[in-house]
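Peer 1: Need a 3D model of the sequence below.
(one chain, ligands or ions: 1)
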Amino acid sequence: MAGVPQVPACRVCASYPAAEVTIRSHVGMLIMMRFQKWQGPYCRTCGTAMRREATTNTLWQGWWSPFSLFIFNPYTIISNLVVRGKLNKLPEPGPVPYGTRPDPGKSVLQRPAAYVALLPILWFLFLIVRGG
Ligand SMILES: [Zn+2]
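Peer 2: Numbers count the residues shown, from 1 in each chain. The predicted structure follows:
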């Protein structure tokens, strides 16, 4: 007998379709570093809600140690951008079978905390300009 095709359902709201994605966030504060990840599958709505939250936190908490600034935080942000691409390819999920779905809220760039990321970016540009 042929196997039933495995269609992933959203881990949060149990609706379809959902994508296998891993949302990450990173905190880097001098001597303290913290990595968090949330593995899907997530539907478009739930995944977007979590990704925005995680990316916004990463954008303001993720820069403050040397390894974080150059390695972990750019990786985390790029990884979440890949997740965004995957989630945006999904159609809107069907009705919620049970419970409620998180509100995706405002996009990352509409959240003031995201602009803390400008500080390390400006500092980086300053170093490049001054060095050249
Ligand atoms: Zn969902």
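Peer 1: what does this protein put close to the ion?
Peer 2: Residues of the chain lying near the ion by C-beta under 5 Å from the ion: Cys10, Val12, Cys13, Cys43, Cys46. C-beta coordinates here come from the backbone N, C-alpha and C atoms, glycine included.
Peer 1: Tabulate the residues you listed (CSV), appending pLDDT.
Peer 2: Compiled in CSV, the residues of the chain next to the ion are given as follows (pLDDT from 0 to 100):
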residue, pLDDT
Cys10, 94
Val12, 93
Cys13, 92
Cys43, 95
Cys46, 96
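Peer 1: of all these, which two lie farthest apart?
Peer 2: Within the residues of the chain next to the ion, two members stand farthest from each other by C-beta to C-beta: Val12 and Cys43, at 7.6 Å.
Peer 1: When these two are compared, which one has more neighbours?
Peer 2: More crowded of Val12 and Cys43, by other C-beta atoms under 10 Å: Cys43, with 29 against 22.
Peer 1: Provide a list of residues in contact with the more buried one.
Peer 2: Taking C-beta atoms under 8 Å, 6 or more residues apart in numbering, we find Cys43 in contact with Cys10, Val12, Cys13, Ser15, Tyr16, Pro17, Ala18, Ala19, Leu90, Pro93, Arg101.
Peer 1: Now do the same contact list for the residue lying closest to the fourth one once chain neighbours are set aside.
Peer 2: Which is Ser15. Excluding its sequence neighbours, the residue lying closest to Ser15 (C-beta to C-beta, 6 or more residues apart in numbering) is Pro93, at 4.3 Å. By C-beta under 8 Å, 6+ apart, the residues touching Pro93 are Cys10, Cys13, Ser15, Tyr16, Pro17, Ala18, Cys43, Arg44, Thr45, Cys46, Arg101.
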